[in-house]
Each structure stands twice: as C-alpha cells, then as structure tokens.
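A.B. asks: My questions are about this predicted structure, shown below with the sequence.
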Amino acid sequence: GQQLNQSPQSMFIQEGEDVSMNCTSSSIFNTWLWYKQDPGEGPVLLIALYKAGELTSNGRLTAQFGITRKDSFLNISASIPSDVGIYFCAGDGTSYGKLTFGQGTILTVHP
Amino acid sequence: DAGVIQSPRHEVTEMGQEVTLRCKPISGHNSLFWYRQTMMRGLELLIYFNNNVPIDDSGMPEDRFSAKMPNASFSTLKIQPSEPRDSAVYFCASTQSISPSTQHFGDGTRLSIL
C-alpha cells in the first residue's frame, strides 16, 4: 500500500526559531494536507494543497506541494510555545478522501 | 459551531466485552470516516461512509469490527468481542464530499481493553 515517510521524527527548538519538516511518498497524491494534533485531541487541519507546485501560507505556516506530487514540506516561522504538538502530513490519492498519514513530527519549543 | 462529537471519551473494558463507539458528524457534512491511532501503526482509516452508505471498509481489521450509519447525524463503530490488541484511540472525522480531503476530526475515544 501507499506509505508516507515523514521527517524528522522529533524536533527540539528555541522559541523564535524557524522549523521545517517534510514528507515523501512512493506514490503520487492528488492532495497533500498538514494536520496538527495536541494531546488528548483530534488532528486539526492546518493547510490543504491541491496542485503540484502550489505554495500556500496560513499565518506563520507555509506548505508546498512538490512538483513530482510525491512530496510536501511544511515550514513554521518564528516558533512560539503554542506550536508544540505533533504535526502530520497526509496524502489523498483518491477522489473521496482516503487519506494516508505520515508518522508524525513531534515538535517541542523551549521558551 | 459544534465540531465532530464522539462518545465516550474514554472506555475501559475487559476482553470479550462488546464495545460501541459513537460519532455525531458536523451538520451538513455527508462524508464520515472512522480512524484508529496507535503508536505502532499511526493513523489508519478503518471505514468511510458517503451519504450514510459504507463505501470503503477495506481498513476494517476483521469481522469483530462493524460500523453503521443509520442517519446523517449518527454513526457507530462496534467491536465484538473486544481484544487487548484493539486498545487504541479511535477517531471519527467528517467532511463534505465536494472537498473530501479536508476532514474535521473529533477528539477521539481512548479505548483500553484489559
């Protein structure tokens, strides 16, 4: 089946630093998404990307849909303590939302 | 606006017991997904409904698992009989089928089978 490789697995950064994480796939996806999950809660959608090459921002977050349609990255600029959590990439290779999730990146921000 | 509502939030039960997880999707959403999250396997799609009809149940692990959606505002995921390896967090998500990827998740049910 489809697999997503997300890296890094974890990051420990200082407040104010920029963060970058990425996902690669062995298969092509039509849609790439980035979610954030806080402890005890469900994943929350951050950014959705629909076209190869698309670059989309949401506040301090920027994500790109790779040209090959097999990868995506997420950048967080000027990190703050509330950015702490687990970030997941997800790809949809179907027409009905059958998402494949990456393993997650655990982000810790030190004040 | 109310998000996806799941109940119970936590369930602890003994092996062999029947477990029923419940989900109320966001009003107006016609697609509903059940996921399971574990440390070992991450987030996995179990089953997908569109307009209350099961479309893809290829992720349902075995016959002990069943899911229903009797109407647009309610779905259940049942495990009978439950086993310790079923322990996980189960999430329900909903969306409108015109934008199927942008799913809204509930806060999950943390299930522990002793």
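C.D. replies: Ah, there it is. Residues are numbered from 1 along each chain as shown, chains lettered A, B, ... in the order given.
A.B. asks: Chain B contacts on chain A?
C.D. replies: Residues of chain A lying near chain B by C-beta under 8 Å from any C-beta of the partner chain: A:31, A:33, A:35, A:40-45, A:48, A:88, A:90, A:92, A:94-99, A:101-104. Using the backbone N, CA and C atoms, a C-beta is placed for each residue, glycine as well.
A.B. asks: Could you rerun that using 7 Å?
C.D. replies: By C-beta under 7 Å from any C-beta of the partner chain, the residues of chain A that approach chain B are A:31, A:33, A:41-43, A:45, A:48, A:88, A:92, A:96-99, A:101, A:103-104.
A.B. asks: Strands of chain B, residue ranges please.
C.D. replies: Listed in chain order, the strands of chain B (DSSP state E) span residues B:5-7, B:10-13, B:19-24, B:31-38, B:42-50, B:53-56, B:65-71, B:74-79, B:88-95, B:104-105, B:109-113.
A.B. asks: right, and those strands - which one's nearest chain A?
C.D. replies: strand B:104-105 (3.3 Å; C-beta to the nearest C-beta).
A.B. asks: what pairs with that closest one, and is each one parallel or antiparallel?
C.D. replies: Strand B:104-105 pairs in its sheet with strand B:88-95 (antiparallel), by DSSP bridges.
A.B. asks: List only buried entries from the residues of chain A next to chain B.
C.D. replies: Taking 16 or more other C-beta atoms under 10 Å in any protein chain shown as the criterion, what is buried in these is A:31, A:33, A:42-43, A:45, A:48, A:88, A:92, A:97-99, A:101, A:103-104.
A.B. asks: how about the nearest residue to the most centrally placed residue in chain B, chain neighbours excluded?
C.D. replies: By C-alpha atoms, centre = their mean, chain B has its centre lying nearest to B:W34, at 3.2 Å. Distances taken as C-beta to C-beta, 6 or more residues apart in numbering or on different chains put B:L46 closest to B:W34, at 4.4 Å, once the chain neighbours are dropped.
A.B. asks: And B:E18, by the same measure?
C.D. replies: B:Q80 (4.2 Å).
A.B. asks: from what I can see the one you found touches B:F65, true?
C.D. replies: No. Counting by C-beta atoms under 7 Å, B:Q80 does not reach B:F65; the two are 8.5 Å apart.
A.B. asks: Show me what A:N5 is bridged to.
C.D. replies: A:T24.
A.B. asks: Let me know whether it touches A:S26 as I believe.
C.D. replies: No. If you go by C-beta under 7 Å, A:N5 and A:S26 don't touch, sitting 8.5 Å apart.
A.B. asks: If you count surrounding residues, which of these two has more?
C.D. replies: Using other C-beta atoms under 10 Å in any protein chain shown as the criterion, A:N5 and A:S26 rank with A:N5 on top: 13 against 10.
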